[in-house]
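J.: Structure, please.
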Amino acid sequence: MEVPEEAAPEPSRPRRRGRTTLLLTGAALLGLVAGTCVGYLVQADRAPTRLPSLSQPELTQARGKGPAPLSAAHDRQVRTDGDLRKLLLKKPAGAKKAQWLDGSDGWMDLAGYAETFGGPEGAYRNMASTFRRAAVTAWETDSYTVEIRLVQYRQEEFMAARNSARDGQYWADGSHPWSEGDENTDSWTVPGTEDGMAYVHTVPDSEPGYEPLYAAEAHAWRGDIAVEIWVYSPTPITKKTILPLAERQMERL
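T.: Numbering: from 1, shown residues only. Sure thing, here's the model as predicted:
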């Protein structure tokens, strides 16, 4: 007798979730809209909130006339932006103009000024962005030669005139070929300046075939102008020669 096979169970139908999800989503949206509307209605019934006032101290109006502008005699910028050569010291009575200045108009361009350095090419590159102009004068007496330079700089990023004066002081104070150490150099502060210095090198520069040559120098600055003074003589130079020169030149600035 054959045993009848059991009927295979019908596969269960998956539950339709779309309708339930749609109903829940719709309810959530209705709740959000209703909450937003209630918020607007509540805010509309409220009185506007006053903003806090800006706090500012009460300023007092100045009265009377302002200060009169400085005259050209007292405005340093007016003088230094004019003819720089007029601020150079005049040669003393009895002195004659240095021969190497013959044909010069008293100005020194960047190329000419760079030539006064031991490394002209490097000096030219270093000063190309800051050098503005330079005025120079020189004279000779029976005992010594004087050269004075006023070098004006553009000081947009740093104090170029001050740095130039300090560089000169560095080389003069112990690093000069005349000095061979600060024991052979005497120095003094230039009156009327904060850090201007004057130097006398007590040991001459001696080269075969040439007479010994003594040197003195001064380096200072005021505003955008660096002052360089050089004195050369076959005989020793004293403080009374270099220091008054530097003091009087600074007074003219």
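
J.: in this protein, what spans have low per-residue confidence?
T.: For the chain, residues meeting the criterion pLDDT under 70 lie at 1-47, 53-59, 61, 64-80, 174-182.

J.: got the residue ranges for the helices in it?
T.: For the chain, the helices defined by DSSP state H occupy 18-45, 76-80, 110-114, 120-127, 160-172, 239-252.

J.: And the last one, what does it pack against?
T.: Here helix 239-252 is seen to pack against strand 145-153, strand 185-189, strand 197-205, strand 213-222, strand 225-233 when contacts are counted using 3 or more CB pairs under 8 Å, 6 or more residues apart in numbering; DSSP states H and E. Glycine gets a C-beta too; all of them are placed from N, C-alpha and C.

J.: Spit out the contact partners of residue 155.
T.: 130, 161, 224 (CB atoms under 8 Å, 6 or more residues apart in numbering).

J.: what bridges to the residue nearest to residue 253 when sequence neighbours are not counted?
T.: Residue nearest to residue 253 in three dimensions, not counting chain neighbours: residue 222, with 4.5 Å by CB to CB, 6 or more residues apart in numbering. Beta-bridge partners of residue 222, counted by DSSP bridges, are residue 225.

J.: How about the one 10 residues further on?
T.: Under DSSP bridges, the beta-bridge partners of residue 232 are residue 145, residue 215.

J.: which residues sit in contact with it?
T.: Contact partners of residue 232, counting by CB under 8 Å, 6+ apart, are 144, 145, 213, 214, 215.

J.: how many neighbours does the first one have?
T.: Which is residue 144. Around residue 144 sit 19 other residues, with neighbours defined as other CB atoms under 10 Å.

J.: cool, the last one as well?
T.: Neighbours of residue 215 under the rule other CB under 10 Å: 23.

J.: And the nearest residue to residue 237 once chain neighbours are set aside, how far from residue 191?
T.: Distance criterion CB to CB, 6+ apart; nearest residue to residue 237, sequence neighbours excluded, is residue 216 at 4.3 Å. For residue 216, the distance to residue 191 (CB to CB, to the nearest Å) stands at 16 Å.

J.: And for residue 208?
T.: 40 Å.

J.: So for those two, which residue has more residues nearby?
T.: Ranked by neighbour count (other CB under 10 Å), residue 208 and residue 191 place residue 191 first, with 14 against 4.

J.: Can you pull the phi and psi angles for that one?
T.: phi -60, psi 140 (degrees, to the nearest 10).
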